[in-house]
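Novice: Here is my input; please provide its structure:
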Amino acid sequence: MPSSNLPERDLSDLEIELAANSMRRNIITMLEKSKSGHPGGSLSSADIVATLFFSGAMKYNHNNPEDHTQDRFFLSKGHVAPVVYAAYYLLGWLHDDDMMTLRQLGSRLQGHPDNHACPGFEVCSGSLGQGLSVAAGCALGLKLTSLETGERSPKVFVLLGDGELQEGSNWEALMFAAHHKLDNLIALVDFNNLQIDGHVTDVCSLGDLGEKFRAFGWNVIRINGHDVLEVRKALLAARDGKEAGNTAPTAIICTTVKGKGVSFMEDKVNWHGVAPSEAQAEQAREELDAARELLLIQAESMNENKHGATGHPSTSAGATLAANEDTARGDGEEVANV
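Specialist: Down below sits the predicted model:
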């Protein structure tokens with residue numbers, strides 16, 4: 001197993017933003033190479049996934065994706081697997097060669113995750129509306145085990161799409177989780193208001209989603225899903241139970257923009273499941289690279305303020321990100337190390 005491209009410690013908010021930027025860049029490149037896939041939802045959930053994996057809120061073995069003894073993560077909206085592949089690449093769980101094989105026959109990186117082929121996934125997913133039920137069952141099993149051992153139950157995180165919440169199975173799972181007092185279950189909703197047929201509010205509106213979760217006995221936290229600090233705080237609040245009351249599971253509703261980070265993809269329904277052309281991918285990478293430069297300038301400024309004008313070398317991941325990036329860009333198509 002390759003060593004991680006990230007330091008083995010929790011990342012700062014700015015470092016997570018840089019990680020999310022690299023993840024978005026790699027998503028674009030993977031989809032360009034595969035000529036198929038789902039860019040919109042992968043891009044909208046990048047900040048959520050980056051914060052979940054790199055903030056320290058979710059406890060897992062960074063060096064072994066086959067270690068399922070700590071917290072668990074379920075990807076219900078399986079079609080956005082590229083965003084998780086991009087995170088796994090930064091962890092060193094996937095190689096450069098893997099990243100160029102998305103959706104190819106025999107690849108570990110299928111269009112929807114295959115836990116038999118790709119390390120890190122708990123189950124295969126992609127049939128929308130199923131992930132919350134599976135996560136709730138896992139959370140119950142872990143809680144029952146914790147009663148036997150006397151140890152604190154691991155947390156179970158599940159990433160949902162807003163469109164898939166139109167599926168009735170989710171609401172059965174919501175009732176089940178509240179009834180069984182699964183305070184170790186945390187649902188993250190990528191609320192980008194777009195699905196394959198149009199805006200969710202037009203296709204089949206969810207109404208006030210937060211109030212619906214509350215009516216089913218859940219705690220609810222609403223955040224901007226592109227604000228890393230807000231995502232971090234929500235995850236830690238849900239993890240620590242500060243917001244969840246005594247026994248309620250927690251839903252974190254993350255307001256996002258589908259296609260976030262690429263101007264011509266943002267809030268456009270046609271980018272739900274269409275891969276970018278070579279020219280479009282190049283334009284997307286240029287926009288993401290420009291955004292990255294601004295983040296690196298911010299990181300350098302913060303480093304100078306911290307260490308003074310003498311220019312002491314930074315020990316933060318921000319410096320590592322910049323150094324690694326120079327070797328990763330090449331012809332503009334290679335995957336980007338953070």
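
Novice: Glu230 contacts Leu236, correct?
Specialist: No - in this structure, Glu230 is not within contact of Leu236 by C-beta atoms under 8 Å, at 11.0 Å. All C-beta atoms are positioned from the backbone trio N, CA, C, and that covers glycine.

Novice: higher neighbour count, these two?
Specialist: Neighbours were counted for Glu230 and for Leu236 using other C-beta atoms under 10 Å; Glu230 has more, 20 against 14.

Novice: So which residues of this structure form strands?
Specialist: 72-75, 156-161, 185-191, 194-195, 198-199, 219-224, 250-255 (DSSP state E).

Novice: how many other residues sit next to Ser45?
Specialist: Neighbours of Ser45 using other C-beta under 10 Å come to 29.

Novice: again with the one 3 residues further on
Specialist: The tally of other residues near Ile48 (other C-beta under 10 Å) stands at 25.

Novice: Report the contact partners of it.
Specialist: Residues near Ile48 by C-beta atoms under 8 Å, 6 or more residues apart in numbering: 159, 188, 190, 225, 231, 254, 256.

Novice: Please apply the same query to Tyr85.
Specialist: By C-beta under 8 Å, 6+ apart, Tyr85 lies in contact with 26, 30, 94, 98-99, 102, 109, 118.

Novice: could you dump those to TSV with neighbour count, distance to Gly207 and pLDDT?
Specialist: Formatted as TSV, the contacts of Tyr85 follow (neighbours: other C-beta atoms under 10 Å; distance: C-beta to C-beta, whole Å; pLDDT from 0 to 100):
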residue	neighbour count	distance to Gly207	pLDDT
Asn26	29	36	98
Met30	28	35	97
Leu94	25	39	95
Asp98	18	41	94
Met99	22	39	95
Leu102	25	36	95
Leu109	24	36	94
Cys118	21	36	93
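
Novice: what's the burial count for the nearest residue to Gly111 once chain neighbours are set aside?
Specialist: Nearest residue to Gly111, sequence neighbours excluded (C-beta to C-beta, 6 or more residues apart in numbering): Arg103, at 4.8 Å. By other C-beta under 10 Å, the residues close to Arg103 number 19.

Novice: who's in contact with Arg103?
Specialist: Taking C-beta under 8 Å, 6+ apart as the test, what Arg103 contacts is 34, 36-37, 109-111.

Novice: any idea how far Val262 is from the nearest residue to Leu288 once chain neighbours are set aside?
Specialist: Sequence neighbours aside, Arg25 is the residue nearest to Leu288 in space, at 4.8 Å (criterion: C-beta to C-beta, 6+ apart). Note on Arg25: its distance to Val262, by C-beta to C-beta, to the nearest Å, is 10 Å.

Novice: Name the residues contacting each of these two.
Specialist: Taking C-beta under 8 Å, 6+ apart as the criterion, Arg25 and Val262 both touch Leu288.

Novice: related to what we said a few turns ago, closest one to Leu14 among the strands of the chain?
Specialist: Ranking these by proximity to Leu14 (C-beta to C-beta) places strand 219-224 first, at 16.4 Å.

Novice: just the angle between the closest one and strand 250-255, please?
Specialist: With axes from the mean of the first three to the mean of the last three C-alpha atoms, to 10 degrees applied, the angle from strand 219-224 to strand 250-255 works out at 20 degrees.

Novice: Remind me what strand 219-224 packs against, helices and strands.
Specialist: Contact here means 3 or more C-beta pairs under 8 Å, 6 or more residues apart in numbering; DSSP states H and E; on that basis strand 219-224 packs against helix 209-215, helix 228-240, strand 250-255.

Novice: Asn21: which of these is closest?
Specialist: Closest to Asn21 of those is helix 228-240 (C-beta to C-beta; 11.1 Å).

Novice: What residues of the closest one count as buried?
Specialist: Applying a neighbour-count criterion of 16 or more other C-beta atoms under 10 Å, one finds 228-235, 237-239 buried in helix 228-240.

Novice: Kindly report the same for stretch 139-151.
Specialist: For stretch 139-151, by 16+ other C-beta under 10 Å, it's 139-140, 142-143.

Novice: likewise stretch 108-128?
Specialist: Using 16+ other C-beta under 10 Å as the test for burial, stretch 108-128 gives 108-114, 118, 120-126, 128.

Novice: quick one: contacts of it?
Specialist: Under C-beta under 8 Å, 6+ apart, the answer for stretch 108-128 is 30, 36-38, 65-66, 68, 72-79, 81-82, 84-85, 88, 93-94, 98-99, 101-103, 107, 131, 134, 138, 161, 163-164, 167.

Novice: Where do the helices of this protein begin and end?
Specialist: 13-34, 39-44, 46-54, 81-91, 96-99, 131-149, 168-179, 200-204, 209-215, 228-240, 278-307, 317-329 (DSSP state H).

Novice: by contact count, what packs against the fifth one?
Specialist: Yep, that's helix 96-99 we're talking about. On the basis of 3+ C-beta pairs under 8 Å, 6+ apart, helix 96-99 makes packing contacts with helix 13-34, helix 81-91.
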